[in-house]
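Q: all I have is the shape, not the residue letters:
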């Protein structure tokens, strides 16, 4: 074990799904036992009173890019929702974005972090009745680790010596690392993970271990699922069936809820959310407001002049009034950020000076770089991928105009926003699902990272990230991650101006929960009820 074993931190590791599953082990920097029972924060209605019925949910879709492959599901909300009903992983995040075990009974390192051992819970079965084995995990990691797959989590498997993995028994897999990893759990949480059955090459029909079984799917439109009567978490899910609709227009989604076409919608427009919030108990719908640390940023592509110039990047960061962006573009929902991601999670550097708007310095830097009269095009979309996106882009352009800088906002269709250009855009927007700091920096800022939308290829950053990942001493890791963040705060290619909470809505007869980790309880409908 590393020396962080059994030491409690703010992000306590909770194990399993309640006492019914007994004690489980979680290795790494910190571990603690706890319950996954809903905390009640963001709860609507009285839980535990109703079973059965159908739950209908609408979220923004991804058009023809939608998929039932959990490894490739990160680019649109509908794909994430659907795959999370069918597929599960060895670990997951709880409602406070803290890692906890899911299909794994234990995930433990050796003393120096050079090897990790994963052991599955006993009795797990796939939807087709086959037993879950360590070979399934080997196959999944090899699938993610194949560059041809195009998996967003590829950089995590690149840290593993996949060819040297060893099956210890039917439930246990030994995973050697190419370098010491002090906190593997922090790299296993987030979109783009899901256990797939050994030999899987097609995902229709989708066969997983999750609470719902696949019934039907029309790409870009709708999908249907039925309760998994043999689910390993006894008594779950509460509803008998689940339907997911892809509705891109946020007003159309809300109207579907108000008319009774659906029971829940993701991504409520901020103006409408504020209006319903002010109505209190008289509101016809109930809001789910998660205190999420989703990082909202403006990206600057290093392969597109003039963003390779650090003076231009710093000037852009100084143009932004973060408080105004949160107040106006997000109607007061969310928090001001400070040009680094993962606000509020372990390792986050709270001692950094808060960057404020400084138009005079921004103008001076642009003039020195010969860009004070330049014109830029900022790619945005009409709020379908996340609320307030187009509004924040428009407001940023207005702030830039105060120093004579022209920024043209291009409103792209939501279904093509992450198809046209990403990850090679010059000037765009993105919102990051809450993640651990090791995961965020590994997946975004290494030269070959699939989510490197800023084309950041800085040898110093790469070296610092690998040194931080290798730290098996808690204080050393904290110091290393602080170095990474301070360097990126000063030199990085993104403007992290705020956090965006998940503001969703449900019908009055739905018992639901909000999550810090993602929209609609991070699409975890196991304990939702339709009364």
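A: Looks like it arrived, so ask away. In this text the structure is predicted, and so the values were computed from the model without any measurement.
Q: buried sites along whichever strand or helix holds residue 479?
A: For residue 479, the host element (DSSP states H and E) is helix 474-491. For helix 474-491, the neighbour count (16 or more other Cβ atoms under 10 Å) marks 474, 477, 480-482, 484-485, 488-489 as buried. All C-beta spots, glycine's among them, are computed from the backbone N, C-alpha and C.
Q: next secondary structure after it?
A: Next along from helix 474-491, by DSSP H and E: strand 494-499.
Q: next up, the contacts around the most centrally placed residue in the chain.
A: The structure's the chain has its C-alpha centroid closest to residue 433; by Cα atoms, centre = their mean the separation is 2.8 Å. The contact partners of residue 433, by Cβ atoms under 8 Å, 6 or more residues apart in numbering, come to 190-191, 294, 517-518.
Q: how does it look with 6 Å?
A: Contacts for residue 433 (Cβ atoms under 6 Å, 6 or more residues apart in numbering) come out as 191, 518.
Q: show me where the stretch 51-200 of the chain has its strands.
A: For the stretch 51-200 of the chain, the strands defined by DSSP state E, counting those that start in this stretch cover 54-59, 91-93, 99-101, 104-109, 115-120, 166-169, 172-176.
Q: leaving out chain neighbours, which residue sits closest to residue 465?
A: Using Cβ to Cβ, 6 or more residues apart in numbering and skipping residues adjacent in sequence, the residue nearest residue 465 is residue 441, 5.2 Å away.
Q: look up phi and psi at that neighbour.
A: Dihedral angles phi and psi of residue 441 (degrees, to the nearest 10) take the values phi -70, psi -30.
Q: could you do the one 3 residues further on as well?
A: Backbone torsions for residue 444, taken as degrees, to the nearest 10, come to phi -110, psi -30.
Q: and it, what pLDDT?
A: Residue 444 carries a pLDDT value of 93.
Q: same question, residue 107
A: pLDDT recorded at residue 107 is 97.
Q: the domain parsing of the protein - what is it?
A: Here the domain parsing of the chain from automatic domain parsing is 1-34+88-202, 54-66+210-291+502-531, 295-499.
Q: lowest-confidence stretch among those domains?
A: domain 1-34+88-202 - the lowest mean pLDDT of the domains of the chain, at a mean of 81.
Q: from the chain's centroid, how far away is that domain?
A: What separates the centre of domain 1-34+88-202 from the centre of its chain is 17 Å, taken as Cα atoms, centre = their mean, to the nearest Å.
Q: cool, stretch 224-234 as well?
A: Taking Cα atoms, centre = their mean, one finds the center of stretch 224-234 at 24 Å from the center of the full chain.
Q: could you do stretch 333-351 as well?
A: Put simply, stretch 333-351 sits 15 Å off its chain's centre (Cα atoms, centre = their mean).
Q: end-to-end on that stretch?
A: End-to-end distance for stretch 333-351, by Cα to Cα, to the nearest Å: 24 Å.
Q: and stretch 327-346, by the same measure?
A: Using Cα to Cα, first and last residues of stretch 327-346 are 27 Å apart.
Q: could you do stretch 60-72 as well?
A: 17 Å.
Q: quick check: buried residues in it?
A: 60-63, 65-72.
Q: may I see these arranged in JSON lines, with distance to residue 182 as well?
A: As requested, those are exported to JSON lines (distance: Cβ to Cβ, whole Å):
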{"residue": "60", "distance to residue 182": "37"}
{"residue": "61", "distance to residue 182": "39"}
{"residue": "62", "distance to residue 182": "35"}
{"residue": "63", "distance to residue 182": "40"}
{"residue": "65", "distance to residue 182": "36"}
{"residue": "66", "distance to residue 182": "37"}
{"residue": "67", "distance to residue 182": "33"}
{"residue": "68", "distance to residue 182": "34"}
{"residue": "69", "distance to residue 182": "31"}
{"residue": "70", "distance to residue 182": "27"}
{"residue": "71", "distance to residue 182": "25"}
{"residue": "72", "distance to residue 182": "29"}
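Q: ok so, going back, roughly how far apart are the residue nearest to the centre of the chain and residue 237?
A: 22 Å (Cβ to Cβ, to the nearest Å).
Q: cool, and residue 327?
A: Taken as Cβ to Cβ, the span from residue 327 to residue 237 is 39 Å.
Q: what about those two, which has more around it?
A: Using other Cβ atoms under 10 Å as the criterion, residue 327 and residue 237 rank with residue 237 on top: 24 against 16.
Q: residues contacting that one?
A: Residues in contact with residue 237, defined by Cβ under 6 Å, 6+ apart, are 211, 227, 526.
Q: quick check: phi and psi at it.
A: Dihedral pair for residue 237: phi -80, psi 170, per degrees, to the nearest 10.
Q: can you show me the helices along the stretch 1-150 of the chain?
A: All helices of the stretch 1-150 of the chain, identified by DSSP state H, counting those that start in this stretch, fall at 77-86, 134-144.
Q: what of the stretch 201-350 of the chain?
A: Remark: helices assigned in the stretch 201-350 of the chain by DSSP H, counting those that start in this stretch are 250-258, 270-279, 310-319, 322-324.
Q: of the ones you listed, which stretch is the most buried?
A: Neighbour counts (mean count of other Cβ atoms under 10 Å) averaged over each of these peak at helix 310-319, with a mean of 22.
Q: which residues are in contact with that helix?
A: Outside helix 310-319, the residues that touch it by Cβ under 6 Å, 6+ apart are 300, 306, 339, 358, 361-362, 365-366, 368-369, 371, 399-400, 491, 495.
Q: now do that helix: distance to the chain's middle.
A: Distance, stretch centre to chain centre, for helix 310-319: 27 Å (Cα atoms, centre = their mean).
Q: give me the angle between that helix and strand 494-499.
A: Using axes from the mean of the first three to the mean of the last three Cα atoms, to 10 degrees, the inter-axis angle of helix 310-319 relative to strand 494-499 is 10 degrees.
Q: ok and helix 310-319 relative to helix 474-491, angle-wise?
A: 90 degrees.
Q: could you measure from residue 259 over to residue 278?
A: Distance from residue 259 to residue 278, by Cβ to Cβ: 22 Å.
Q: likewise for residue 358?
A: 35 Å.
Q: next one: residue 211
A: As for residue 211, its distance to residue 278 is 35 Å (criterion: Cβ to Cβ).
Q: list the helices and strands the helix holding residue 479 packs on?
A: helix 459-470 (3 or more Cβ pairs under 6 Å, 6 or more residues apart in numbering; DSSP states H and E).
Q: tell me the gap between the helix it packs on and the middle of its chain.
A: Mean C-alpha position of helix 459-470 versus that of the full chain (Cα atoms, centre = their mean) differs by 22 Å.
Q: just the element for the residue nearest to residue 380 when sequence neighbours are not counted, please.
A: Leaving aside its sequence neighbours, residue 380 sits nearest to residue 393 (Cβ to Cβ, 6+ apart; 3.8 Å). Residue 393 belongs to helix 389-401 when assigned by DSSP H and E.
Q: residues contacting that helix, please?
A: Outside helix 389-401, the residues that touch it by Cβ under 6 Å, 6+ apart are 319, 321, 325, 328-329, 378, 380-383, 407, 409, 429.
Q: burial of residue 116, as a residue count?
A: Residue 116 is flanked by 21 other residues according to other Cβ under 10 Å.
Q: residue contacts, it?
A: Residues counted as contacts of residue 116 (Cβ under 6 Å, 6+ apart) are 109, 175, 184.
Q: now tabulate those residues in a markdown table and tack on distance to residue 249 and neighbour count.
A: A markdown table is the format used below for the contacts of residue 116 (distance: Cβ to Cβ, whole Å; neighbours: other Cβ atoms under 10 Å):
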| residue | distance to residue 249 | neighbour count |
| --- | --- | --- |
| 109 | 47 | 26 |
| 175 | 44 | 23 |
| 184 | 41 | 24 |
